[in-house]
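K.L.:
Sequence plus the predicted model coming up.
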Amino acid sequence: MGVALSLMVMLLLILVAAEVFTNALEHLGERLGISEGVTGSLFAAVGTAMPESTVPLVALLAGGENPDVNADIGVGAILGAPLMLSTLSLSLMALSVVRKRGLRGHLRPERSGLERDLAFFLIAFGIALAALFIPAPLGWLRAVFAAMLILTYFVYALLTLRVSAKLVENGHATQAHGKMYLHRLGLPDNMTIVIFQILFGLVLLVGGAKGFVHGVMEASELIGVSPLLLSLLLIPIATELPEKVNSILWIRRDKDTLAFGNITGAMVFQGSILPVIGLMMTPWRPTMEVLVGVLVTYGAALWLYWHARRGDGLRIWHLCVNGLVYVVYIIVMVG
């Protein structure tokens with residue numbers, strides 16, 4: 001009962017933190033005059049990716065009597081993050097507006113930004129997939145692949161920033177939804193307070209996610225699965241909650257570009273920067289759990305990319321397929 005109550009409290013903390021964070025981030029984007037694509041794909045994505053970025057590092061640097069278990073938890077956290085984002089997270093976001101738009105209803109993110117996010121994710125995650133087959137003794141080759149991943153994200157961020165001004169001219173500027181919360185409490189409406197609320201929201205997000213992970217790990221003793229599979233399936237539930245909640249809040253306000261950018265931008269970050277940690281700090285080998293998870297993630301992203309490029313665009317049922325794939329994956333792996 002204590003573990004269940006702790007999980008519920010941490011979940012509530014993440015929900016509150018996500019609302020505080022998105023509220024301040026919208027005001028920051030509006031003040032800077034940047035596009036929704038930059039706000040969602042770079043600022044929000046990297047900011048809310050901090051919890052899942054810290055989990056593998058904490059696991060790998062924790063030490064202890066069994067470094068192999070720490071490595072399994074680290075690899076699972078690294079690969080489980082994009083797995084959940086590309087499947088369950090996108091599906092939950094779409095389902096949150098299914099009553100309003102219908103299963104065949106359209107999703108209308110800014111098209112060029114969505115295609116850019118998915119294309120760079122497929123490139124980066126393809127590099128990470130290929131790197132699984134590099135033997136551990138070839139450390140120099142692993143370092144080359146790690147450098148390629150970092151360069152991929154640098155180019156992606158540069159291109160995303162470069163097109164911001166044009167998108168603003170075409171009506172895709174970031175617009176805040178309502179007043180900033182700290183301003184409602186009587187604090188001045190200026191950039192300092194905006195930054196403070198963003199940092200406050202991030203602290204709550206990281207704290208809530210870490211507390212949730214701790215609760216999940218305590219509960220895992222009753223489940224009896226391998227640390228690698230557990231981290232692939234359960235840790236992302238906590239570390240990806242910020243992305244899911246933020247995107248649900250935005251899409252329900254018809255801010256489709258922000259909603260998608262928050263998830264797909266995080267996919268690029270986690271598909272390029274996080275595998276660098278795995279390459280340099282773990283065995284990074286193609287075990288069955290890892291390989292199946294990577295292939296499912298890649299297939300889900302390809303499915304989304306294909307429909308994003310088609311003339312009729314994305315529909316809600318397209319993303320529901322991604323969620324169904326995740327459910328099948330869990331049944332197969334746990335069964």
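P.N.:
All right, it came through fine.
K.L.:
burial count for Gly323?
P.N.:
Applying other CB atoms under 10 Å, we find 19 residues neighbouring Gly323. C-betas here are computed from N, CA, C, even on glycine.
K.L.:
And it, how far from Arg184?
P.N.:
With distances taken as CB to CB, to the nearest Å, Gly323 is found 35 Å from Arg184.
K.L.:
can you check Glu240 too?
P.N.:
29 Å.
K.L.:
who has more neighbours, these two?
P.N.:
Higher neighbour count among Glu240 and Arg184: Glu240, with 27 against 11, using other CB under 10 Å.
K.L.:
so where does the closest residue to Ile235 other than its chain neighbours fall, helix or strand?
P.N.:
Spatially, and ignoring its direct neighbours in sequence, Ile235 is nearest to Ala77 (4.9 Å; CB to CB, 6 or more residues apart in numbering). Using DSSP states H and E, Ala77 maps to helix 67-84.
K.L.:
The residue nearest to Ile235 against Leu233, yeah?
P.N.:
No: Ala77 lies out of contact with Leu233 (CB atoms under 8 Å); the separation is 10.9 Å.
K.L.:
now the residue nearest the centre of the chain: how far from Pro82?
P.N.:
With the centre of the chain defined as its mean C-alpha position, the nearest residue by CA atoms, centre = their mean is Ala266, 4.1 Å away. As for Ala266, its distance to Pro82 is 8 Å (criterion: CB to CB).
K.L.:
pLDDT weak spots in the stretch 201-335 of the chain?
P.N.:
213, 216-217, 219-227, 230, 238-239, 241-243, 335 (pLDDT under 70).
K.L.:
That one: helices as residue ranges?
P.N.:
Shown for the stretch 201-335 of the chain, the helices assigned by DSSP state H, counting those that start in this stretch span residues 227-233, 235-239, 241-252, 256-281, 288-309, 316-334.
K.L.:
These into a markdown table, with extra columns for distance to Arg99?
P.N.:
Output for the helices of the stretch 201-335 of the chain, formatted as a markdown table (distance: least, CB to CB, whole Å):
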| stretch | distance to Arg99 |
| --- | --- |
| helix 227-233 | 28 |
| helix 235-239 | 24 |
| helix 241-252 | 10 |
| helix 256-281 | 16 |
| helix 288-309 | 22 |
| helix 316-334 | 10 |
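K.L.:
The nearest residue to Glu110 once chain neighbours are set aside: how many residues sit nearby?
P.N.:
Excluding the flanking residues, the one nearest Glu110 by CB to CB, 6+ apart is Thr257, at 4.4 Å. Thr257 sits with 24 neighbouring residues when counted by other CB under 10 Å.
K.L.:
quick one: the helix or strand Met10 falls within to helix 256-281, angle?
P.N.:
Using DSSP H and E, the element containing Met10 is helix 2-32. Orientation check (axes from the mean of the first three to the mean of the last three CA atoms, to 10 degrees): helix 2-32 against helix 256-281 gives 120 degrees.
K.L.:
which residues touch Tyr181?
P.N.:
Contacts for Tyr181 (CB atoms under 8 Å, 6 or more residues apart in numbering) come out as Val20, Asn23, Ala24, Gln197.
K.L.:
ok, now which ones touch the nearest residue in space to the first one that is not next to it in sequence?
P.N.:
In space, and not counting its chain neighbours, Val20 is closest to Gly201: 3.9 Å by CB to CB, 6+ apart. Remark: with contacts taken as CB under 8 Å, 6+ apart, Gly201 is in contact with Ala17, Ala18, Val20, Phe21, Thr22, Asn23, Ala24.
K.L.:
Can you select the buried ones among those residues for me in PyMOL?
P.N.:
Those of the contacts of Gly201 that count as buried under 16 or more other CB atoms under 10 Å are selected in PyMOL with:
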select buried, resi 17+18+20+21+22+23+24
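K.L.:
Ser89: which of the contacts of Gly201 is nearest?
P.N.:
Ala18 (12.7 Å; CB to CB).
K.L.:
from memory that closest one sits against Leu205, does it?
P.N.:
Yes: counting by CB under 8 Å, Ala18 does reach Leu205; the two are 6.8 Å apart.
K.L.:
do you know which of the helices of the stretch 201-335 of the chain lies nearest Gly113?
P.N.:
Taking CB to CB, helix 256-281 is the member of those nearest to Gly113, at 6.3 Å.
K.L.:
how far does stretch 158-166 sit from the chain's center?
P.N.:
21 Å (CA atoms, centre = their mean, to the nearest Å).
K.L.:
and the end-to-end length of it?
P.N.:
Distance across stretch 158-166, first residue to last, is 14 Å (CA to CA, to the nearest Å).
K.L.:
what number of residues lie near the residue nearest to Leu302 when sequence neighbours are not counted?
P.N.:
Nearest non-adjacent residue to Leu302, counting by CB to CB, 6+ apart: Leu122, 6.8 Å away. Leu122 has 18 neighbours, counted by other CB under 10 Å.
K.L.:
Reduced to three states, what does the residue of the chain most remote from its centre come out as?
P.N.:
Relative to the C-alpha centroid of the chain, counting by CA atoms, centre = their mean, Gly186 is the outermost residue, at 33.1 Å. Put simply, Gly186 is coil when judged by DSSP: H, G, I helix; E, B strand; the rest coil.
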